[in-house]
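Participant: What follows is a predicted structure for the sequence shown.
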Amino acid sequence: MDITSLQQEYDAVLQELQNPALISDWERFQELSKKKARMEKILKKSQEAEDLRTQLQENLEMLGAEDQPELLSLAEEELKTLQEKLKAAEQELQELLATNKENLPQALIMEFRAGTGGEEAALFAADLLSMYQKYAAKKGWLTTLIEEDRTDIGGIKSAAIEIEGQEAFLHLQYEAGVHRVQRIPTTEKAGRIHTSTATVALFPRAAKTQFQINSQDLKVEFTNSSGPGGQNVNKRQTAVRLTHVPTGLVVFSQSSRSQQKNKEAALSLLESKLLQQKEEKEEKEAAGKRKAQIGWAKRVEKIRTYNFPQNRVTDHRIEKSWHGLENIMAGNLDPVIQSLREYQRSSAEKA
């Protein structure tokens, strides 16, 4: 979509938002408000790029007319700076245009499971959960814990969180797969380095218009919530287990004290998993038409190693490493995320 068409669409959204009848349609109001915010970012970045182009042209003209060596050198330096700023602005504009797609998920669900490595694998899964929660907080996204099964020493056997934010899916879509850690576990007395794994799965949250489950296909069970070690921590049956009878898919939620909230969270997770299954089936059927991708849904793929003795994170898909592991684990994932997005963009252009 060109900027002129986008401006016209933006004006139309503003006009609709001024309609008093919209007060009775809260979902439509929210949809338009989010759309307005997305468009404003794009239009602002487009104007910034246009201003830089104007400055760049003016500098080129000044450079051609300048005959004093000192001023000529300064003009050349400023020209280089403007060129770098324009390149960055144009790249950001393209990314913003990508976020403006109507079908872009506004929320996603991340699921964490301990892999090989026993208790250390569970501790690593907990570290990954914390890392993504911190990253989401830095981005200003809303996170909701759907399900969590903790071990006695603070690891997690499994957990699921929902992350809601305008650009959350774009940033996190390549994080699914097997994550490997190499470190000396806190449970290791001999000081030996262990290798363990945890798996991250990612599902775009299903919108109501995308996927709805027939209530007759659901088996709903209520149980007591449990804590580390499996002990019951709530005498009321607030935990919810949902089974999709046609597929046998089971989900569980116990993070809230409210039975209704747990049921809603479990249903959201189940709908998202079923939607992903449906999309994966469609993808296989259209395999010959697929573009080059990193493959965010490939859960069995080993994607990344966190090497603590060498203070290094390596992403095996793009064969790139970063130092400052503790900083990355504290939620500062932008260098890694940006590299993956740039690689994907470059691969798509070549395809």
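Facilitator: All right, it came through fine. As the structure is a computational prediction, the values presented were derived from the model and not from experiment. Residues are numbered from 1 along each chain as shown.

Participant: for the stretch 251-351 of the chain, what are the low-confidence residue spans?
Facilitator: 282-300, 348-351 (pLDDT under 70).

Participant: same thing but at 50, please
Facilitator: 286, 288-299 (pLDDT under 50).

Participant: buried ones in stretch 241-249?
Facilitator: R241, L242, T243, H244 (16 or more other Cβ atoms under 10 Å). The C-beta positions use only the backbone N, C-alpha and C, and glycine is treated the same way.

Participant: pretty sure the second one contacts L267?
Facilitator: Yes: counting by Cβ atoms under 8 Å, a contact exists between L242 and L267, whose distance comes to 6.4 Å.

Participant: Out of the buried residues of stretch 241-249, which sit inside helices?
Facilitator: Among these, DSSP state H puts none in helices.

Participant: which among those gets closest to G115?
Facilitator: R241 (23.3 Å; Cβ to Cβ).

Participant: That closest one bridge partners, please.
Facilitator: E221, F252 (DSSP bridges).

Participant: give the contact list for it.
Facilitator: V220, E221, F222, T223, V250, V251, F252, A266 (Cβ atoms under 8 Å, 6 or more residues apart in numbering).

Participant: Which strand residues bridge E164?
Facilitator: Counting by DSSP bridges, the residues bridging with E164 are A107, L142.

Participant: Pretty sure it sits against M110.
Facilitator: No: the pair E164 and M110 fails to qualify as a contact (Cβ under 8 Å) at a distance of 11.8 Å.

Participant: more neighbours, the two?
Facilitator: Neighbours were counted for E164 and for M110 using other Cβ atoms under 10 Å; M110 has more, 24 against 16.

Participant: Just after the one helix or strand that one maps to, pick out the following helix or strand.
Facilitator: Secondary structure assignment for M110, by DSSP states H and E: strand 107-114. On the C-terminal side of strand 107-114, the nearest following helix or strand under DSSP H and E is helix 118-139.

Participant: where do the helices sit along the stretch 251-351 of the chain?
Facilitator: Along the stretch 251-351 of the chain, counting by DSSP state H, counting those that start in this stretch, helices occupy 259-285, 325-329, 334-350.

Participant: Which residues does stretch 179-192 contact?
Facilitator: Residues contacting stretch 179-192 (Cβ under 8 Å, 6+ apart): 117, 119-120, 123-124, 127-128, 153, 193-200, 302-309.

Participant: could you pull out the strands for this protein?
Facilitator: 107-114, 142-150, 156-164, 177-183, 194-204, 218-223, 239-244, 249-253, 302-307, 312-315, 320-323 (DSSP state E).

Participant: now those in a markdown table, with distance to K35?
Facilitator: Shown next, in a markdown table, are those (distance: least, Cβ to Cβ, whole Å):
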| stretch | distance to K35 |
| --- | --- |
| strand 107-114 | 16 |
| strand 142-150 | 18 |
| strand 156-164 | 16 |
| strand 177-183 | 32 |
| strand 194-204 | 18 |
| strand 218-223 | 33 |
| strand 239-244 | 32 |
| strand 249-253 | 31 |
| strand 302-307 | 33 |
| strand 312-315 | 33 |
| strand 320-323 | 35 |
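
Participant: Can you get me a residue count around A201?
Facilitator: So A201, with other Cβ under 10 Å, has 18 neighbours.

Participant: For the closest residue to it other than its chain neighbours, give the beta-bridge partners.
Facilitator: Closest residue to A201 apart from its sequence neighbours, by Cβ to Cβ, 6 or more residues apart in numbering: E111 at 4.3 Å. Beta bridges link E111 to A160, A201 when assigned by DSSP bridges.

Participant: Run a quick check on E111 versus S158, I expect a contact.
Facilitator: Yes: using Cβ under 8 Å, E111 makes contact with S158 at a distance of 7.2 Å.

Participant: So between these two, which is more surrounded?
Facilitator: E111 (22 against 16).

Participant: show me the residues around that one that make contact.
Facilitator: Per Cβ under 8 Å, 6+ apart, neighbours of E111: S158, A159, A160, V200, A201, L202, F203, L269.

Participant: Give me the distance between it and I163.
Facilitator: 12 Å (Cβ to Cβ, to the nearest Å).

Participant: what's around L6, how many residues?
Facilitator: Neighbour tally, L6, other Cβ under 10 Å: 17.

Participant: Would you confirm that S272 contacts P105?
Facilitator: No: contact criterion Cβ under 8 Å: S272 and P105 do not qualify, at 9.2 Å.

Participant: of those two, who's got more company?
Facilitator: S272 (26 against 20).

Participant: Disregarding flanking residues, what is the spatial nearest neighbour of that one?
Facilitator: F203 (3.9 Å).

Participant: Surely that neighbour is in contact with L275?
Facilitator: Yes: between F203 and L275 there is a contact under Cβ under 8 Å: 7.3 Å.

Participant: what about these two, which has more around it?
Facilitator: F203 (25 against 18).

Participant: quick one: the more buried one from K273, how far?
Facilitator: 6 Å.

Participant: Brilliant, that's me finished.
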